[in-house]
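In: I need the structure of the sequence given here:
(chains A, B, C and D)
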There are 2 protein chains.
Amino acid sequence: MSRNENSKNVTVIDVAKKAGVSKSTVSLVLTGSTKVSDKAKLKVEKAIDEIGYVYNRDAASLRSRKSNLVAIVINDLTNPYSAQLAVGLEIQIRQMGLFSMLVNSGESVETQTSLVRHLKEYNVAAFIICPAPNTSAEWVNNLVKQGFPVVHIMREVAGANVATVLPDNFAGTKLATQHLLTKGYKKIAFIGGNESISDYHQRLSGYTEAMTLAEVPFSRKLCVQSNTNRNGGRSAMEEVLEIAADIEAVVCFSDVIAYGAIEQIRASGKQPGKDIAVVGFDDLADSRLMSPALTTIHVDANQIAIAVCQILMNIKDGNKNKILVGIDLMERESS
Amino acid sequence: MSRNENSKNVTVIDVAKKAGVSKSTVSLVLTGSTKVSDKAKLKVEKAIDEIGYVYNRDAASLRSRKSNLVAIVINDLTNPYSAQLAVGLEIQIRQMGLFSMLVNSGESVETQTSLVRHLKEYNVAAFIICPAPNTSAEWVNNLVKQGFPVVHIMREVAGANVATVLPDNFAGTKLATQHLLTKGYKKIAFIGGNESISDYHQRLSGYTEAMTLAEVPFSRKLCVQSNTNRNGGRSAMEEVLEIAADIEAVVCFSDVIAYGAIEQIRASGKQPGKDIAVVGFDDLADSRLMSPALTTIHVDANQIAIAVCQILMNIKDGNKNKILVGIDLMERESS
DNA sequence: TCATGAAATTGGAACGTTCCAAAAGCTATA
DNA sequence: TATAGCTTTTGGAACGTTCCAATTTCATGA
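Out: Numbering: from 1, shown residues only, chains lettered A, B, ... in the order given. Okay, the predicted model is just below:
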């Protein structure tokens, strides 16, 4: 698409003429150089305002081979936690003086591949990716080999040689489970999520660890997998209730799963939070507003965003570490 | 940020050498020209693969003064409906052979202004904007005057001379209210939303129109404003219950408001859907999964996205129309 | 075989910026 | 006043693409 059919653009040269300096001086002002006199700077800024000049980043990044565009590739924007994370990342990136470009892969590797291919053409400086399921390590490593700074968030890709920032899933569910144990519950199930999600194992292990440490017996049958939406929570909870009508508490893979579980508990005629305790994972905004307010593991999206940005700043150090972001237990009415 | 410190980039010239043609021919292949022989095309494509060439859009759009980047400026990505809309727009835009850049204004005019200023530098071809509250018509008109195709979605800015696509809010709440009236309910409240949101008046009018047409008396006191989150729904519902304990049904400004209302109804010891009917607006994915499943006005995000894209295709015709996207009643358990 | 015209290919200029090395302008000191 | 050393300014080249006008190639028909 073209915007203005024929009209000439206003360029640095026009600004230079207006301000009575050279185009090089204008460029120095635009790039915020310190080696330009205040007098010249003022003249240029005045000229820019008067003449309605718009900086052309295409030309700039073509010539300078630099870019301040950071691509954020999100797995699923319709997932509330992902959206929250995207917003946090955007704000942090802007604070670094960079600009972000947000795209959504919709959990499809094909879309993700296509998006990244295009984004490379747009000369992005770095990629922040929440990898779609089945993302290949080879693909990621190739991207890195091409010289792009890459940071993965929320999910790990086995064998991928990239920095990764994710919540301490293991500690999270362990803490959640221990909270329930402390409250005196013994019959505790773990519901929701499934093995195709990279963090499932970590969250499940947190639960089993806590149960084992407390020497409370538990059955693998009470670890019911499901898809990750609200319906998944309902059906997993339904299954648990069928297997063990006397269940006392459930640790949920995520808040969304917990929402479904709560509905199913209600549907079965029991009261969530009273008859059966429920703990979630994520701490979505809704979780403290709902009723009963959901006890959950808080994962601070801003903290993740900050960690990502710190890595981006120092990516040249070849930082390929895994950073675990701390979690907190938010104790509320549902447990 | 810079990616590769010193290494030379692979350019069309390298491709040309490898393929044994001129750079002009390579360019013709890249831009999909029909006036290049199949033989040359194959040679070029082979060379591109072998040499690992990446198209440089900065150079291309600098020279051609064209761009296929469309900016989507969303008011609040953490709002589930906005997120759904953003995803729909992204897909439609990609299908048009364009590329979208998603940014979030967070309902702040200042952020919105800053984002748009930057996006202009990135040479975007068009703006799709869900305007933040207090967006000035002058600002928008100025953007249009600068030659940028602009389409507003979901919200109108009074006095702004731009094409706007939004759901038929009036018809929506009218239909919702008539549905409740048909079911025999008489004491019907309208809750949630507030006058700072451009579509509030339209939705409120739909309700009053239906009540008036049916000659069912109603009190302005039962039209309770609130902020737009779940808590707003709770407090508005609480107020309604205080004023009129015998309320039979509520039309909600949005699904999120309805979620809050349902919780408050429960908290008051009544059963949503049985004792008090609830109707929402938006039809979020969760609304059909929750319990009771929410009766609501369905607004098809894809239809909005398609309408926006149609306008973008024909923007040169100076299309400044307002397009109302049709709505549907989804009758479920809550009414 | 040659002339004709259409189709395909081509090299050089241009897009608007930054980089570079060189020039000019300053200030302080002898 | 001359000089050295520093700060500020500057014109031309370069980034990688597309556009344009000109040239070459090809197919056709006489």
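
In: what residues does the stretch 51-200 of chain A put near chain B?
Out: Within reach of chain B by C-beta under 8 Å from any C-beta of the partner chain, the stretch 51-200 of chain A has these residues: A:54-59, A:61-62, A:64-69, A:77-78, A:80, A:83-84, A:86-87, A:90, A:98-104, A:106, A:118, A:120-123, A:125-126, A:147-149. Where you see a C-beta, it was placed from the backbone N, CA and C, and this is true even at glycine.

In: weed out the non-buried ones from the residues you listed.
Out: Listed as buried from these are A:55-59, A:61-62, A:67-69, A:77-78, A:80, A:83-84, A:86-87, A:90, A:98-104, A:106, A:118, A:120, A:122-123, A:125-126, A:148-149; burial here means 16 or more other C-beta atoms under 10 Å in any protein chain shown.

In: would you map the strands across the stretch 101-250 of chain A?
Out: A:126-129, A:150-153, A:163-167, A:188-191, A:223-224, A:249-252 (DSSP state E, counting those that start in this stretch).

In: B:Leu241 is nearest to which of these?
Out: Among the strands of the stretch 101-250 of chain A, strand A:249-252 comes nearest to B:Leu241, with 30.8 Å by C-beta to C-beta.

In: correct me if wrong: A:Ser61 contacts A:Tyr55.
Out: No - A:Ser61 is beyond contact range of A:Tyr55, at 10.9 Å (criterion: C-beta atoms under 8 Å).

In: identify the contacts common to the two.
Out: Counting by C-beta atoms under 8 Å, 6 or more residues apart in numbering or on different chains, A:Ser61 and A:Tyr55 have no shared contacts at all.

In: contacts made by the longest helix along chain A with the rest, please.
Out: Scanning chain A for the helix with the most residues, using DSSP state H, yields helix A:80-95. With contacts defined as C-beta under 8 Å, 6+ apart, helix A:80-95 is touched by A:70, A:72, A:74-77, A:99-100, A:102, A:128, A:130, A:153-154, A:254-256, A:282, A:284-286, A:299, A:301-302, A:304-306, A:308-309, B:77-78, B:80, B:83, B:103-104, B:106.

In: residues of chain A that sit close to DNA strand C?
Out: A:8-9, A:11-13, A:23-24, A:26-27, A:30-31, A:53, A:55-56, A:59-60, A:62-64, A:66 (C-beta under 7 Å from any atom of the strand).

In: what segments of chain A are helices?
Out: Assigned by DSSP H, chain A shows helices spanning A:12-19, A:23-30, A:38-51, A:57-64, A:80-95, A:109-121, A:137-145, A:169-182, A:200-213, A:230-243, A:255-267, A:301-313.

In: and B:Ile262, which of the ones you listed is closest to it?
Out: Per C-beta to C-beta, nearest to B:Ile262 of the helices of chain A: helix A:255-267, 11.1 Å.

In: CA atoms only: put that closest one into PDB for me.
Out: Extracted as PDB, the C-alpha positions of helix A:255-267 are listed here (Å, rounded to 0.1, in the frame of the first residue of the first chain):
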ATOM      1  CA  ASP A 255      -6.300 -20.400  37.100                       C
ATOM      2  CA  VAL A 256      -8.500 -21.100  34.100                       C
ATOM      3  CA  ILE A 257      -8.500 -24.800  35.000                       C
ATOM      4  CA  ALA A 258      -9.500 -23.800  38.500                       C
ATOM      5  CA  TYR A 259     -12.400 -21.700  37.200                       C
ATOM      6  CA  GLY A 260     -13.700 -24.800  35.500                       C
ATOM      7  CA  ALA A 261     -13.100 -27.000  38.500                       C
ATOM      8  CA  ILE A 262     -15.100 -24.500  40.700                       C
ATOM      9  CA  GLU A 263     -18.000 -24.700  38.400                       C
ATOM     10  CA  GLN A 264     -18.000 -28.500  38.300                       C
ATOM     11  CA  ILE A 265     -17.800 -28.600  42.100                       C
ATOM     12  CA  ARG A 266     -20.800 -26.400  42.300                       C
ATOM     13  CA  ALA A 267     -22.600 -28.500  39.700                       C
END
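
In: A:Val162: how many residues sit nearby?
Out: Per other C-beta atoms under 10 Å in any protein chain shown, the neighbour tally for A:Val162 reads 25.

In: tell me which residues touch the residue nearest to it when sequence neighbours are not counted, please.
Out: Once flanking residues are discounted, A:Val162 sits nearest to A:Val150: 4.7 Å by C-beta to C-beta, 6 or more residues apart in numbering or on different chains. Contact partners of A:Val150, counting by C-beta under 8 Å, 6+ apart, are A:126-129, A:140, A:143-144, A:162-163.

In: find me the pLDDT at the most centrally placed residue in chain A, would you?
Out: Residue closest to the average C-alpha location in chain A (C-alpha atoms, centre = their mean): A:Leu85, at 4.1 Å. At A:Leu85, the predicted lDDT confidence score is 97.

In: returning to what we had before: mind checking the strands of the stretch 101-250 of chain A for the one nearest to DNA strand D?
Out: Evaluated with C-beta to the nearest atom of the strand, these place strand A:126-129 nearest to DNA strand D, the distance being 19.0 Å.

In: for the closest one, name the packing helices and strands.
Out: When contacts are defined as 3 or more C-beta pairs under 8 Å, 6 or more residues apart in numbering or on different chains; DSSP states H and E, strand A:126-129 packs onto strand A:69-74, helix A:109-121, strand A:150-153, helix A:301-313.

In: would TSV of the ones you listed with mean pLDDT be doable?
Out: Shown next, in TSV, are these (pLDDT from 0 to 100):
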stretch	mean pLDDT
strand A:69-74	98
helix A:109-121	97
strand A:150-153	97
helix A:301-313	95
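
In: would you mind measuring from A:Ile128 to B:Lys221?
Out: Applying C-beta to C-beta, to the nearest Å, the value for A:Ile128 to B:Lys221 is 50 Å.

In: likewise A:Ile153?
Out: A:Ile153 is 48 Å from B:Lys221, by C-beta to C-beta.

In: give me the more crowded residue out of the two.
Out: Per other C-beta under 10 Å, whichever of A:Ile153 and B:Lys221 has more neighbours is A:Ile153, with 29 against 11.

In: may I have the beta-bridge partners of that one?
Out: Judged by DSSP bridges, the bridge partners of A:Ile153 are A:Val165.

In: thinking again about what came up before, so how far is DNA strand C from the residue nearest to the centre of chain A?
Out: From A:Leu85 across to DNA strand C, the span is 32 Å (C-beta to the nearest atom of the strand, to the nearest Å).
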